[in-house]
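Novice: Turn this into a structure:
(2 chains)
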Amino acid sequence: MTDVDIHHLGAAYALDALDERERMAFEAHYPSCDVCRADVSDFRSALAQLAGASTAAPSTSVRAAVMAEIAQTRQLSPMLPDSISDLAERRRRQQRTYGGALAMAAAVVLAFVTGAMVTGGDEAPAYATDLEFVLAHGDARMVTLGSTGATGSSADGSVKVAWSDEGERMVLLANGLPGAPDGQAYELWLIGADGSVPLRMLDDASEGSIRSSIGIGTGVGIDSAPRAWGITLEPSGGSDAPTGDILYLTDV
Amino acid sequence: MGVLKFARTGRLTSLGRADDRGSGGTDSLGDQLRQAGRGDQAAFGRLYDELSPLVHGVVLKVVRDPAQSDEVTQEVFVELWRLAARYDSSKGSVKSWAATVAHRRAIDRVRSEQASRERNLRDVSGLMPAHDAVADEVETTFEQARVRRALDELTSLQREAVELAYFGGHTYREVAQLLGVAEGTVKTRIRDGMIRLRDELGASND
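Specialist: Prediction:
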């Protein structure tokens, strides 16, 4: 990926002809790139016309099967940006690869860019760049942190983490987090062989979304590779070791 | 070039190709999709009737097995139902959206079964002509002719790469392997081919 001009991947992306890693990187990139967004839209339109030249009727039983199934299938709400719902949708279908289903309600993504927090629902270019960077590594992985239900109904929303040990960076994407109680804030932990390492306070961003890009690995003074990621509520100044219940957790 | 462009535009207008962006009458695809997005199953049924030949055509081309294709087509429509409220007309037409979802689902199916690796180049080549003989294929003669003319504007190498990717369900790396050429070469052929196809087909008008 590193030697590829990402702006030239729109055609292969529209053809579903990118491999997994490139596709993830391109999906992180193109929603915030006017040129690539137009490319994807135009190429898809051309392909729909190509497909339209060889239409075929499914078996007549399919219609009834579809109508029966949609009658008991919940529809997704319209609020979320397409780029992210696309991404979440693809991930949901690829649980095998990523080790967990995404909560579909979840989709606004969050990330801190080194040192500077980015808030709001828009794709932040710096966030996208860091996510591309992480996903460009061969050892890149992405997992969903599941709610542990530790605080009952309040542990809502979705948290995803993408990271590369080689790249020594992780990007956190989350949305729909309930607001932290007064005097408390979410804290992200890297759980390694030697215990929990506090990584970053996750200040409440707008509507519970946080975007965070964080250095990990020996280069930034973290000795052990992640075995799990967890999020707790801590006093707003942060803690050296987790004191609150783990609200979101995943095994690596 | 200007004449060609005018001819295309004129044809689009005079033949009244479906403007499914929802600006017009009550039965445009966009309107039906909006209704479906609010839970209107009857509207979705009409959408099914309009879109199923397109969706199934994509699925059948990629998956090939008729029984499996029926399954995938069903999955596609259930997914379109789930996602109906998220359709964004600024990103493309309803047909384009449906074809995108259909292709992804079909690709997921063949890749998950590793079918794409088992099929050989000769096998896929048999698919390439836009007029292959699938028994229940609905011929839309005009569209076929228009698309065939557009495909004729691609070099044979570009066309081969695009069709192996789109209908063969291969990644560009796999296409490179199949053709025995460098990945960068395939990527360039795919990109140049898609640009030409877009220019010939008038991407904004579907």
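Novice: hang on, residue A:73 is in a strand, isn't it?
Specialist: No - read with DSSP: H, G, I helix; E, B strand; the rest coil, residue A:73 is coil and lies in no strand.
Novice: Give me the distance between residue B:51 and residue B:29.
Specialist: Applying C-beta to C-beta, to the nearest Å, the value for residue B:51 to residue B:29 is 7 Å. Placement of C-beta: from N, CA and C, glycine included.
Novice: and for those two, which residues touch both?
Specialist: Common contact partners of residue B:51 and residue B:29 (C-beta atoms under 8 Å, 6 or more residues apart in numbering or on different chains): B:94-95.
Novice: I'd like to know how many residues surround the nearest residue to residue A:59 once chain neighbours are set aside.
Specialist: Excluding its sequence neighbours, the residue lying closest to residue A:59 (C-beta to C-beta, 6 or more residues apart in numbering or on different chains) is residue B:70, at 4.9 Å. For residue B:70, the number of neighbouring residues by other C-beta atoms under 10 Å in any protein chain shown comes to 20.
Novice: Check residue A:8 too.
Specialist: With other C-beta under 10 Å as criterion, residue A:8 counts 14.
Novice: ok, and the closest non-adjacent residue to it?
Specialist: In space, and not counting its chain neighbours, residue A:8 is closest to residue B:191: 5.8 Å by C-beta to C-beta, 6+ apart.
Novice: Wait, that neighbour touches residue A:11, no?
Specialist: Yes - under the criterion of C-beta atoms under 8 Å, residue B:191 makes contact with residue A:11 at 4.3 Å.
Novice: on that earlier part again, the residue nearest to residue A:59 should be in a strand, yeah?
Specialist: No - applying three-state DSSP, one finds residue B:70 to be helix, outside a strand.
Novice: now it: how far from residue A:187?
Specialist: Taken as C-beta to C-beta, the span from residue B:70 to residue A:187 is 50 Å.
Novice: And the closest residue to residue B:154 other than its chain neighbours, how far from residue A:46?
Specialist: Of all residues not flanking residue B:154 in the chain, residue B:193 sits nearest, at 4.9 Å (C-beta to C-beta, 6+ apart). Residue B:193 sits 10 Å away from residue A:46, going by C-beta to C-beta.
Novice: what's the neighbour count on residue A:73?
Specialist: 12.
Novice: which secondary structure element contains residue A:43?
Specialist: According to DSSP states H and E, residue A:43 maps onto helix A:34-52.
Novice: try residue A:170
Specialist: Residue A:170 belongs to strand A:169-175 when elements are defined using DSSP H and E.
Novice: Sort out which residues of that strand are buried, please.
Specialist: Residues A:169-175 are the ones in strand A:169-175 that count as buried (16 or more other C-beta atoms under 10 Å in any protein chain shown).
Novice: which one of those residues is nearest chain B?
Specialist: Comparing those against chain B with C-beta to the nearest C-beta places residue A:175 closest, at 15.2 Å.
Novice: just checking, that closest one touches residue A:158?
Specialist: Yes - with contact defined as C-beta under 8 Å, residue A:175 reaches residue A:158; the gap is 6.1 Å.
Novice: Let me see the contact set for residue A:47.
Specialist: Counted by C-beta under 8 Å, 6+ apart, residue A:47 has contacts A:14-15, B:96, B:99-100, B:103, B:166, B:197.
Novice: can you give me the strands in chain A?
Specialist: Remark: strands assigned in chain A by DSSP state E are A:55-56, A:112-113, A:116-117, A:141-147, A:158-164, A:169-175, A:184-192, A:195-202, A:210-215, A:228-235, A:246-251.
Novice: ok, and does stretch B:38-55 reach over to chain A?
Specialist: Yes - using C-beta under 8 Å from any C-beta of the partner chain, stretch B:38-55 comes into contact with chain A via B:39, B:41, B:44-45, B:48-49, B:52-55.
Novice: Also stretch B:74-83?
Specialist: Yes - using C-beta under 8 Å from any C-beta, stretch B:74-83 comes into contact with chain A via B:74, B:77-78, B:81-83.
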